[in-house]
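Student: output the structure for:
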Amino acid sequence: MQKRWKKVAAAGLITAALTVTACSPSGGDAGDLQEVRVTEVIRSIFYAPQYVAIEKGYFKEEGLDVKLDTAWGGDKAMTRLLADQADVALIGAETTVYVQQQGAGDPVVNFAQVTQRDGSFVVARNKIDNWDWSMLKGKSLIGSRKGSMPEMVSEYVQKQNGLQPFQDVNIIQNITFDNQATAFASGTGDFLQAFEPSGAILEKAGQGHVVASFGKNSGKLPYTVFMAKSSTIKSEPATFQKFTNAVQKAQNFVHSATPQEVAKIILPYFEGVDPEIVAAVVKRYQESDGWAKDPLIDQEEFDNMKKIMKDAGELKSDVTYTDLVNTTFAEKAKAN
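Tutor: Numbers count the residues shown, from 1 in each chain. Predicted coordinates:
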């Protein structure tokens, strides 16, 4: 199994590899279950509802055997989906817009939302009690690749707070996602845009402090969703209904359970990470309203995403909500 996660060493730099399986840890006899191949963009506690749905057996209750792998990149995950190497992908909804803009004959359609806000945080080298976005001015920020949702949200939030990205803030974009925390701990950049558990690990190692949430400042949007090719959905509607039902059950759980209960369920996906860190991150995502309460992707959130994309210069031509979003399965799952 391919393993790609990095661990922040408590003594100094991030040097030890934190092994996280890139496939589902859940075992057992699949029996007569229908196999569904799912590829996720990265491995993150932000996607806890997905891991809960697997580990709590919600997919199996619906007659599905989910086989999970990690693509380590939105472009890679979409490539797998388009090449029929996966049936379902968990990526940002903006990727479906890019596919549509390229004139795809078989569009990729979003059908179940998992996260409703950006899940990244600003990590500073020192503790800052009274954070203000103006503190980024004249500083360097380790960011994400151009056109990615984390990067577009970062630039949007900066502009909303009177900053001009790349003029007022030096955004570093030449570091791959899985090496960003390592680079920050090694001295690169003044700030880091981090997904968890990187921020919490840096905090525990005394190498950084989470000071702000990008998601709280960008509004709600279909940040991470389950998607599939339109042809696949049309050929297997019952399967997608079952899949979405399981997602709703998992969403109910992560919103009603304690951080410790959620952490215990998803811990197998984060081997080597301190259980206390996992619980702390779960609490952070619960408090920041990062997880959607149901899988329904509403138009207001979709339009907000398009606004952010347009602001970043990535919306080359308009796309319609009804072309890229299927609400049928989510509406039924939510009603049950």
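Student: next, the contact list for Lys127, please.
Tutor: Contacts for Lys127 (CB atoms under 8 Å, 6 or more residues apart in numbering) come out as His209, Val211. C-beta here means a position set from N, CA and C on the backbone, and glycine is covered the same way.
Student: surely it is within a strand?
Tutor: No: secondary structure assignment places Lys127 outside any strand; it is coil (DSSP: H, G, I helix; E, B strand; the rest coil).
Student: mind checking pLDDT for it?
Tutor: Turning to Lys127, the model gives it a pLDDT of 96.
Student: same check on Gln241?
Tutor: The model's pLDDT for Gln241 equals 99.
Student: name the helix or strand for the residue nearest to it when sequence neighbours are not counted, please.
Tutor: The shortest distance from Gln241 to any non-neighbouring residue, by CB to CB, 6 or more residues apart in numbering, is to Phe329 (4.9 Å). Assigned by DSSP states H and E, Phe329 belongs to helix 328-335.
Student: now that helix: how far from the chain's centre is it?
Tutor: Offset of helix 328-335 from its chain centre (CA atoms, centre = their mean, to the nearest Å): 22 Å.
Student: can I get it in CSV? Just the C-alpha atoms.
Tutor: C-alpha atoms of helix 328-335 as CSV (Å, rounded to 0.1, in the frame of the first residue of the first chain):
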residue,chain,number,x,y,z
THR,A,328,-32.2,13.9,-6.2
PHE,A,329,-30.3,11.5,-4.0
ALA,A,330,-29.5,14.0,-1.3
GLU,A,331,-33.1,15.2,-1.1
LYS,A,332,-34.3,11.6,-0.5
ALA,A,333,-31.5,10.8,2.0
LYS,A,334,-32.2,14.0,3.9
ALA,A,335,-35.9,13.2,4.1
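Student: work out for me the element Gly150 sits within.
Tutor: Wrong residue type there; residue 150 is Pro, not Gly. helix 149-160.
Student: list the buried residues in that helix.
Tutor: Buried positions in helix 149-160, judged by neighbour count with 16 or more other CB atoms under 10 Å: Met149, Pro150, Glu151, Met152, Val153, Ser154, Glu155, Tyr156, Val157, Gln158.
Student: what do you get for stretch 57-70?
Tutor: Tyr58, Phe59, Lys60, Glu62, Leu64, Asp65, Val66, Lys67, Leu68, Asp69, Thr70.
Student: kindly report the same for stretch 181-200.
Tutor: Buried-residue list, stretch 181-200, by 16+ other CB under 10 Å: 181-185, 189-200.
Student: can you pull out the strands in this structure?
Tutor: Ranges of strands within the chain are 34-40, 64-70, 88-91, 108-115, 121-124, 140-142, 170-172, 191-194, 209-213, 224-229, based on DSSP state E.
Student: chain center to the first one, what's the gap?
Tutor: This points to strand 34-40. 17 Å.
Student: for the chain, which helix is longest?
Tutor: helix 237-256 (DSSP state H).
Student: and the contacts of that helix?
Tutor: So helix 237-256 is in contact with 34, 36, 48-50, 52-53, 56, 58-59, 61-64, 88, 111-112, 114, 226, 228, 233, 262, 282, 286, 291-295, 328-330, 332-334, 336, going by CB under 8 Å, 6+ apart.
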